[in-house]
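*Asks:* Provided below are the primary sequence and the corresponding predicted coordinates.
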Number of protein chains: 2
Amino acid sequence: MKFPHYLINAIFYMDNSLNPPKIYLIPTVLAPDTQLLTLSPQVVEVILKLKKFYVEDLRTARRFISSLNLGIDISSLHFFELNKKTSEGSVAHEMRGEKSDVGIMSEAGCPGVADPGAVAVKIGHKMGWKIVPIVGPNSMLLALMASGFSGQSYAFNGYLPIEKDKRVAEIKRLEDLALTKRQTQLFMETPFRNNQVMKSLIEHCSPNTNLCVATDITAETEFIKTKTIAEWRLEVPDLHKRPTIFLIGDIRNNS
Amino acid sequence: MKFPHYLINAIFYMDNSLNPPKIYLIPTVLAPDTQLLTLSPQVVEVILKLKKFYVEDLRTARRFISSLNLGIDISSLHFFELNKKTSEGSVAHEMRGEKSDVGIMSEAGCPGVADPGAVAVKIGHKMGWKIVPIVGPNSMLLALMASGFSGQSYAFNGYLPIEKDKRVAEIKRLEDLALTKRQTQLFMETPFRNNQVMKSLIEHCSPNTNLCVATDITAETEFIKTKTIAEWRLEVPDLHKRPTIFLIGDIRNNS
C-alpha cells in the first residue's frame, strides 16, 4: 500500500514527526577560561551550525557562546529557557514546533546529567528525534578517573540531605555500601555547605575509610586527593564555595 | 630548623617524594577516526609534553599517538605496559623510579574508569603525586546524557554475569532498583554477547520498563534509543559485536 502524497505533505507540515530534528547535548566549561582546553572540537562544530538552543540560563548561555570567539552574532540565535521551573508540557509544546536541530546547554558541564535537559531528551525519544551527546567536561567522571577507586562499579547519589542527622546517616549508609558492595560512592553538596560535609565525613567515617576530595576540577586551583579519614583529620582542606565531588571507595584490587 | 642541603639532595635522588611527578589521565577515542572531533585540546597538549606513557596495550597506544599527526617520533617515547596482568608491586616499582610526569592511556575512552590505570592512580595518591584527569570521551557518560533518564542518581554495574540464569537474575535486580530506588542502572557486556543480553532484557523485564540502548557511541553508526520493553519487542536491533551500554531507568520527573 502506498501512502497518498498529499497526506504525507499534510502530516509533514502539521508536525515534525516525519523528519524529526536532532538534539545535540552540548557541554559547557566547568571553570572559567577553560574553553580552549577542555571542550572537544565537536562542541564548536555543533554550535556553529545551530540557530536554536534550549538553555538553563539565558545570560550564561549567551556569555558562553561569546567566549568561544566564533564570530557568531548572538542576536541571530534563538533561545528557549529550560530550567527547574519549565513544565514538561511547555517543553513538549516547544519541541512540536521545531523544524530544525536544537542544542541543549546546561549551566556547567554536560547537559542531561542531573539537570533539566533530561526532560527534553526524554520527550525527544518519544517523538523519534535523534539524540546526539557531545564529548565534554563532567566533574563526576573526572573525579572518578582521578580518585583511584574502582570504576567497575560506582554510584552517583546527587546531593546529600541538608539536615545534619540525616546527612550523617546518609554518609554512613554510603560508607557501608562502598565497603561491603565495593561500589564507589560519589556525592556532592552546594558549595557553601562543603565544609560542613567534610566535617561530617571526618567525624563519622571509620579512620581506615578512603575518601577522595575533588575540588575546582579543570581550574588552575584543581585539588584532587585520596586519603584515609585518619589522614584527612591531620589536614582539613577549606572547601568553602569551591565546587567539590566527594567519593568514598575501596582501594583493594581496584582495577 | 633548616634541613641540610646534602640530605635534601640525597633524598631527591633516592626517590621522587620531594618533587613528585604528575600523572595525566589521557582519554583516547571510542571509535576509529574520531580523534579530530571528540578529543579535547588538552589531550594533544599533554601528549606533546610527555615522554613516558603507561598503556594498556603498546600497539594501540603507539597507533593512537601516530593518528594524532603531531610529528612525534614514537621511537623516542617510553612505554610501560599496565594491564590486567601487571602486578601492583611492579607498578609501584616503576613509579618509584620516575623523575618526570607520566601519562596513562587505556584501550578506549577514559583511563582509571573500569581499567587497570586505577592501580597507578591509587599508588600515585599514596606517593603524593598530583593526579590530573583530562577531558575526553566516555561511553557511560555519553549514554547517560542521551538516555533521558535521571542523572541525579545512577549506578554503573560493569559487566553482567555470563551464565544465563545469573544474568536474568541480575537484570531483574537492576530493573527493580531502577524502579523502586529511581536509580538509573547502567551495564554492559562483551560486544559478541550483546544480542543475548538484549534477548534476556526483552524476555524478562516488564513491558512498561524503559530501556535505553546506546551503541557505537561517537561513531558514524551511533544508535541511541530509549523505549519501553513493549516497544523494543516490536523491533529488536542487531547489536552483535557493536560496543553497547544498556540503561534501565525511570522517566517520571527525571530532571
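*Replies:* Done, it's in.

*Asks:* Would you mind measuring from A:Leu247 to chain B?
*Replies:* Look at A:Leu247 and chain B: by CB to the nearest CB, to the nearest Å, they are 12 Å apart. (Each C-beta comes from the backbone N, C-alpha and C, glycine too.)

*Asks:* got it, and A:Gly128?
*Replies:* Going from A:Gly128 to chain B by CB to the nearest CB gives 9 Å.

*Asks:* try A:Gly124
*Replies:* Going from A:Gly124 to chain B by CB to the nearest CB gives 7 Å.

*Asks:* Was I right to think that residue contacts A:Ala118?
*Replies:* No. A:Gly124 sits out of contact with A:Ala118 when judged by CB atoms under 8 Å, with a separation of 10.2 Å.

*Asks:* Show me where the stretch 151-255 of chain A has its helices.
*Replies:* Listed in chain order, the helices found in the stretch 151-255 of chain A under DSSP state H, counting those that start in this stretch are A:164-180, A:194-204, A:229-234.

*Asks:* Rebuild those as TSV, extending it with mean pLDDT.
*Replies:* What follows is these, written out as TSV (pLDDT from 0 to 100):
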stretch	mean pLDDT
helix A:164-180	95
helix A:194-204	96
helix A:229-234	96
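
*Asks:* Tell me which of those helices is the most buried.
*Replies:* A comparison of the helices of the stretch 151-255 of chain A by mean neighbour count, using mean count of other CB atoms under 10 Å in any protein chain shown, puts helix A:194-204 on top with a mean of 18.

*Asks:* Return the list of helices and strands in contact with that one.
*Replies:* Counting contacts by 3 or more CB pairs under 8 Å, 6 or more residues apart in numbering or on different chains; DSSP states H and E, helix A:194-204 packs against helix A:164-180, helix A:229-234, strand A:244-249.

*Asks:* which outside residues touch that helix?
*Replies:* A:160, A:164, A:167-168, A:171-172, A:189, A:211, A:213, A:229, A:232-233, A:236-242, A:244, A:246 (CB atoms under 8 Å, 6 or more residues apart in numbering or on different chains).

*Asks:* Tell me the secondary structure of A:Val91, please.
*Replies:* Here A:Val91 is recorded as helix under DSSP: H, G, I helix; E, B strand; the rest coil.

*Asks:* Give the burial count for it, as a bare number.
*Replies:* By the criterion of other CB atoms under 10 Å in any protein chain shown, A:Val91 has 21 neighbours.

*Asks:* what's near enough to touch it?
*Replies:* Contacts of A:Val91 (CB under 8 Å, 6+ apart): A:Tyr54, A:Leu82, A:Val119, A:Ala120, A:Ile123.

*Asks:* Output these in JSON lines; the columns should cover secondary structure and pLDDT.
*Replies:* Listed next are the contacts of A:Val91 as JSON lines, based on DSSP: H, G, I helix; E, B strand; the rest coil; pLDDT from 0 to 100:
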{"residue": "A:Tyr54", "secondary structure": "strand", "pLDDT": "96"}
{"residue": "A:Leu82", "secondary structure": "coil", "pLDDT": "93"}
{"residue": "A:Val119", "secondary structure": "helix", "pLDDT": "92"}
{"residue": "A:Ala120", "secondary structure": "helix", "pLDDT": "94"}
{"residue": "A:Ile123", "secondary structure": "helix", "pLDDT": "94"}
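
*Asks:* now those as JSON lines including neighbour count?
*Replies:* Formatted as JSON lines, the entries for the contacts of A:Val91 read as follows, by neighbours: other CB atoms under 10 Å in any protein chain shown:
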{"residue": "A:Tyr54", "neighbour count": "28"}
{"residue": "A:Leu82", "neighbour count": "26"}
{"residue": "A:Val119", "neighbour count": "23"}
{"residue": "A:Ala120", "neighbour count": "28"}
{"residue": "A:Ile123", "neighbour count": "21"}
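
*Asks:* Which one of those is nearest to B:Leu50?
*Replies:* Closest approach to B:Leu50 among the contacts of A:Val91 (CB to CB): A:Tyr54, at 39.0 Å.

*Asks:* Give me the nearest residue to that closest one, chain neighbours excluded.
*Replies:* A:Leu82 (4.3 Å; CB to CB, 6 or more residues apart in numbering or on different chains).

*Asks:* what's near enough to touch that neighbour?
*Replies:* A:Tyr54, A:Val55, A:Glu56, A:Val91, A:Ile104, A:Pro116, A:Gly117, A:Val119, A:Ala120.

*Asks:* what's the farthest-apart pair in those?
*Replies:* Farthest pair in those (CB to CB) is A:Val55 and A:Val119. Separation: 13.4 Å.

*Asks:* just to revisit the earlier point, redo the helices and strands packed on helix A:194-204 as CSV? Include distance to A:Thr86.
*Replies:* Shown next, in CSV, are the helices and strands packed on helix A:194-204 (distance: least, CB to CB, whole Å):
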stretch, distance to A:Thr86
helix A:164-180, 29
helix A:229-234, 40
strand A:244-249, 27
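
*Asks:* Of the ones you listed, which is nearest A:Arg63?
*Replies:* Across those, closest to A:Arg63 is strand A:244-249 (CB to CB), at 23.6 Å.

*Asks:* For the closest one, which strands pair with it and how are they oriented?
*Replies:* strand A:184-188 (antiparallel), strand A:210-215 (antiparallel) (DSSP bridges).

*Asks:* can you tell me which of those strands comes nearest to A:Asn69?
*Replies:* Per CB to CB, nearest to A:Asn69 of the strands paired with strand A:244-249: strand A:210-215, 28.6 Å.

*Asks:* How about residues contacting the closest one?
*Replies:* A:139, A:142-143, A:146-149, A:198, A:201, A:205, A:221-229, A:232, A:237, A:239, A:242-251.

*Asks:* Would you mind writing the PyMOL command to select the buried ones in those?
*Replies:* To isolate in PyMOL the members of the contacts of strand A:210-215 that are buried, counting by 16 or more other CB atoms under 10 Å in any protein chain shown, one can use:
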select buried, chain A and resi 139+142+143+146+147+148+149+198+201+205+222+224+225+226+227+229+232+239+242+243+244+245+246+247+248+249+250+251
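
*Asks:* is it possible to export the strands paired with strand A:244-249 to JSON lines including mean neighbour count?
*Replies:* JSON lines is the format used below for the strands paired with strand A:244-249 (neighbours: other CB under 10 Å):
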{"stretch": "strand A:184-188", "mean neighbour count": "25"}
{"stretch": "strand A:210-215", "mean neighbour count": "25"}
